[in-house]
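[1] give me the fold of what follows.
(chains A and B)
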Amino acid sequence: MDNREIEARLNEIARLLELKGENPFKVRAYQNGARVVASMQDDVATLVKEGALKGVKGIGKGLQEKLEELVETGELTYLDELREGVPPGLFDVLEVPGLGPKKVKALWDTLDVVDLQGLRRVCESGEVAKLKGFGAKTQENIVKGIAALERIGGRRLRGDALEPAATLRALLEQVPGVERVQVGGSLRRGRETVKDVDLLVASRDPEPVMAAVRDFAQVGEVIGSGGTKTSVRLKSGLQVDVRVVEPESFACALAYFTGSKEFNVALRGLALDKGYSLNEYHLNPLDGSEPPAIDSEEALFALLGLAYVPPELRENTGEVEAAQRGALPPLLEPEDVQGILHVHTRWSDGADTVEDLVARAAELGYGYIGISDHSRAAHYANGIGPEELLQQADEVAAARAAHPEIRVLHGIECDILGDGSLDLPDDCLASLDFVIASVHSELNMDADAMTARLVKAVSHPQVDVLGHPTNRKLPKREPSSFDWEPVLDAAAKHGVAIEVNGHPRRLDCDWVHIRRVIKRGVKLCVNPDAHSVDALDDARRFAVTEARRGWATAADVLNTLPADAFVAALGSPG
DNA sequence: GCCGTTTTCGGCCCGACTGTTTTCAGTCG
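    The predicted structure follows:
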């Protein structure tokens, strides 16, 4: 049982407790436990077996017992009991915007609503509007909510939210009276997917801002609009929330609306320790005196005894304590990335030529680029074999001659076959500048077999980078299951780097595992996995963000080395 | 259910907005 499954079980308990009207703090304890498990770098199953869960913050006696039972038996009696008599379709009902546990329970108790279909039926018949605490408006909103849910189905890719966020931000900056506009929320924290976009505006005149948001060309529907807050759904389905605060409150508000919720709770706790009460407007002294003027997040954190915590780290997974000790690492920056590997051309499934990609990479200021098309086992991607590689070498040579300002490396993204062997002969691999080894097939093999497969591939003398290790695809495809420790051991032994794939749908390995890779002393390689010139900068745009979330510094990343040192590092077996 | 240099009980972050209400509950972030 891996951490993801355990997280899902704990979250299910939390939702069931909510539906049963249990103590909300108990609910939170389970939600918190799920979050702790999800962000844990070590396997909870292993920790349980070693009895090492004791002292993990957020996992007390109760959860510890539950985790033990879950890991040892694969079952959880408590969860089974809670599930008793609760229709699974209610979880879908809970997803409807505007419906929380209280309302769902009321619908279930009084109208026998057990799924979305039933909910739609009682809305159409007008029964919902007659319920105590409900009304015509609520009923109408539920119908709209069901439609929205069907249209968008949950979270959006970070890559799909960046553009509308930037466009609206630029628009709001032009509104008279606006002093500052900043993106907050999970988009600012660099989460791989986002539920909505949060924009924070500093102005003494909120109404024109509210009007500008409602009139934004991309808006499909205004969900709500008050004096200082407007929520809209764009035509794309993406929800956007805009808040206006007085300029004096901007720093506190920015911290507040950047979150995460857990980080905010920790900040408030620190504030209380220091004799303040923190809200989204001010840091209010408990003695009732005037709140101090705070003009930046840095100043706010300093008053709380913290070094500046970059947004990507604000998940309350150790960064608060590190910031208190002044022990936060200097995070990787986009400009630290000196060169990129993992770029596809028309030789396999890319849209552009070697020349196109090299020219663009040089424009973007990279010192080296590694061409790496798919190998022949990737039929669907028009993978290439030894003969094509020879021909491609001529094109690479031509690009080198045309672009002396950038080092052009010739490599391959070689498929890892089902048994862990590589898709091309050793002499062919040895003739290339570098080899990325990736799994593209048989993603669902059992964890032991996948572990052996990856260990064998990483141990191959020609392999330099393990590409997108888990093969997840956002938002739907789950990562493959395998045991990380043996794979990282092999990577350490053979000097193989683990890729942080910058494709917005992959972002693989993810931040939780990045922390683990770093802890093991294995290098990362931040790559774009570009299939066109437009995606060439995705290493800086997306992979760096993911790496920052995983506490990576420039020293942890292989391709922060300048070209000569990088090539030398490729050649040496660690 | 978790947590603890005021602790083993009694807290657990806090405000905006909506819709249903005549002062507030529920939801959301």
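
[2] low pLDDT regions in the stretch 401-550 of chain A?
    For the stretch 401-550 of chain A, the stretches flagged by pLDDT under 70 are A:476.

[3] by mean pLDDT, flag the weakest helix or strand of chain A.
    Least confident helix or strand of chain A, by mean pLDDT, DSSP states H and E, is helix A:136-152 with a mean of 82.

[4] what helices and strands are in contact with it?
    Applying 3 or more CB pairs under 8 Å, 6 or more residues apart in numbering; DSSP states H and E, one finds that helix A:136-152 contacts helix A:116-124, helix A:127-130. C-betas here are computed from N, CA, C, even on glycine.

[5] closest to A:R233 out of these?
    helix A:116-124 (18.6 Å; CB to CB).

[6] what average pLDDT does that closest one get?
    Here helix A:116-124 scores 91 as its mean pLDDT.

[7] contact partners for the residue positioned nearest the centre of chain A?
    For chain A, the residue sitting closest to the mean C-alpha position, by CA atoms, centre = their mean, is A:E192 at 2.7 Å. Counting by CB atoms under 8 Å, 6 or more residues apart in numbering, A:E192 touches A:L157, A:R158, A:L474, A:P504, A:L507, A:D510, A:E546.

[8] for the fourth one, which non-adjacent residue is closest in space?
    Meaning A:P504. Once flanking residues are discounted, A:P504 sits nearest to A:G159: 3.2 Å by CB to CB, 6 or more residues apart in numbering.

[9] check which element follows the helix or strand that contains the one you found along the chain.
    According to DSSP states H and E, A:G159 maps onto helix A:158-173. Sequence-wise, the next helix or strand downstream of helix A:158-173 (DSSP H and E) is strand A:178-183.

[10] still on that earlier bit, how about the helix holding A:G159: buried residues?
    Neighbour-count burial for helix A:158-173 flags A:R158, A:G159, A:A161, A:L162, A:P164, A:A165, A:L168, A:R169, A:L171, A:L172 (criterion: 16 or more other CB atoms under 10 Å).

[11] for stretch A:310-321, same thing?
    For stretch A:310-321, burial by neighbour count (16+ other CB under 10 Å) applies to A:P310, A:P311, A:E312, A:L313, A:R314, A:E315, A:N316, A:T317, A:E319, A:V320.

[12] among these, which are in strands?
    Using DSSP state E, no member of the buried residues of stretch A:310-321 sits in strands.

[13] for the residue of the stretch 451-574 of chain A found nearest DNA strand B, which residues are in contact?
    DNA strand B sits closest to A:P475 of the stretch 451-574 of chain A, with a gap of 16.6 Å, by CB to the nearest atom of the strand. A:P475 sits next to A:G154, A:R155, A:R156, A:L157, A:T193 when contact means CB under 8 Å, 6+ apart.

[14] for the last one, grab the count of nearby residues.
    A:T193 has 19 neighbouring residues, counting by other CB atoms under 10 Å.

[15] the closest residue to it other than its chain neighbours and A:L267, how far apart?
    Counting by CB to CB, 6+ apart, A:T193 lies nearest to A:R155, which is 3.9 Å off, once chain neighbours are set aside. If you measure A:R155 against A:L267 using CB to CB, to the nearest Å, the figure is 25 Å.

[16] these two: which is more packed in?
    Legend: neighbour count by other CB under 10 Å for A:R155 and A:L267, higher for A:L267 (23 against 16).

[17] burial of A:A34, as a residue count?
    The tally of other residues near A:A34 (other CB under 10 Å) stands at 22.

[18] nearest spatial neighbour of it, chain-adjacent residues omitted?
    Leaving aside its sequence neighbours, A:A34 sits nearest to A:L10 (CB to CB, 6+ apart; 3.7 Å).

[19] give me the mean pLDDT for the one helix or strand the one you found maps to.
    For A:L10, the element it lies in under DSSP H and E is helix A:3-19. Average pLDDT, helix A:3-19: 88.

[20] list the buried residues for the helix or strand just after that helix?
    Using DSSP H and E, the next helix or strand after helix A:3-19 towards the C-terminus is helix A:24-38. Using 16+ other CB under 10 Å as the test for burial, helix A:24-38 gives A:V27, A:A29, A:Y30, A:Q31, A:N32, A:G33, A:A34, A:R35, A:V36, A:V37, A:A38.

[21] what's the fifth one in contact with, if anything?
    When the contact criterion is CB under 8 Å, 6+ apart, the partners of A:N32 are A:G58, A:E262.

[22] just the second one next, same as before
    With CB under 8 Å, 6+ apart as the criterion, the residues that contact A:A29 are A:G58, A:G60, A:G62, A:L63.

[23] now the third one: closest residue in space that isn't a chain neighbour?
    Take A:G62 and drop its neighbours on the chain: the residue closest to it by CB to CB, 6+ apart is A:A29, 7.8 Å away.

[24] residues from the stretch 1-150 of chain A in reach of DNA strand B?
    By the rule CB under 7 Å from any atom of the strand, the part of the stretch 1-150 of chain A lying against DNA strand B is A:23, A:25-26, A:28-30, A:32-33, A:57-64, A:78, A:96-104, A:129, A:132-139, A:141.

[25] got a quick ChimeraX command for the buried subset of the residues you listed?
    The following ChimeraX line selects those of those that are buried, judged by 16+ other CB under 10 Å:
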select /A:29,30,32,33,59,63,64,78,96,99,101,103,104,129,134,138,139,141
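
[26] just to revisit the earlier point, looking at the helices and strands packed on helix A:136-152, which is closest to A:L409?
    Closest to A:L409 of the helices and strands packed on helix A:136-152, according to CB to CB: helix A:116-124, at 52.0 Å.

[27] let me know the distance separating the closest residue in space to A:L278 that isn't next to it in sequence from DNA strand B.
    Closest residue to A:L278 apart from its sequence neighbours, by CB to CB, 6+ apart: A:A271 at 3.8 Å. Between A:A271 and DNA strand B the computed distance is 9 Å (CB to the nearest atom of the strand, to the nearest Å).

[28] same deal with A:S249?
    10 Å.

[29] make sure that residue is indeed in a strand.
    No - going by DSSP: H, G, I helix; E, B strand; the rest coil, the assignment for A:S249 is helix, not a strand.

[30] and the residue nearest to A:A34, how many residues sit next to it?
    Using other CB under 10 Å, A:L10 has 26 other residues around it.

[31] residue contacts, it?
    The contact partners of A:L10, by CB under 8 Å, 6+ apart, come to A:Y30, A:Q31, A:G33, A:A34, A:V37, A:L63, A:K66.

[32] just flag the most distant two among those.
    Among the contacts of A:L10, the pair separated by the greatest distance (CB to CB) is A:Q31 and A:K66, at 13.8 Å.

[33] CA atoms of stretch A:529-538 as PDB?
    In PDB, the C-alpha atoms belonging to stretch A:529-538 read as follows (Å, rounded to 0.1, in the frame of the first residue of the first chain):
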ATOM      1  CA  ASP A 529      10.200  17.400 -23.100                       C
ATOM      2  CA  ALA A 530       9.500  19.800 -25.900                       C
ATOM      3  CA  HIS A 531       7.700  18.700 -29.100                       C
ATOM      4  CA  SER A 532       7.900  22.100 -30.700                       C
ATOM      5  CA  VAL A 533       9.800  25.400 -30.400                       C
ATOM      6  CA  ASP A 534       7.000  26.900 -28.300                       C
ATOM      7  CA  ALA A 535       7.600  24.400 -25.600                       C
ATOM      8  CA  LEU A 536      11.400  24.700 -25.500                       C
ATOM      9  CA  ASP A 537      11.300  26.900 -22.400                       C
ATOM     10  CA  ASP A 538       9.100  24.600 -20.400                       C
END
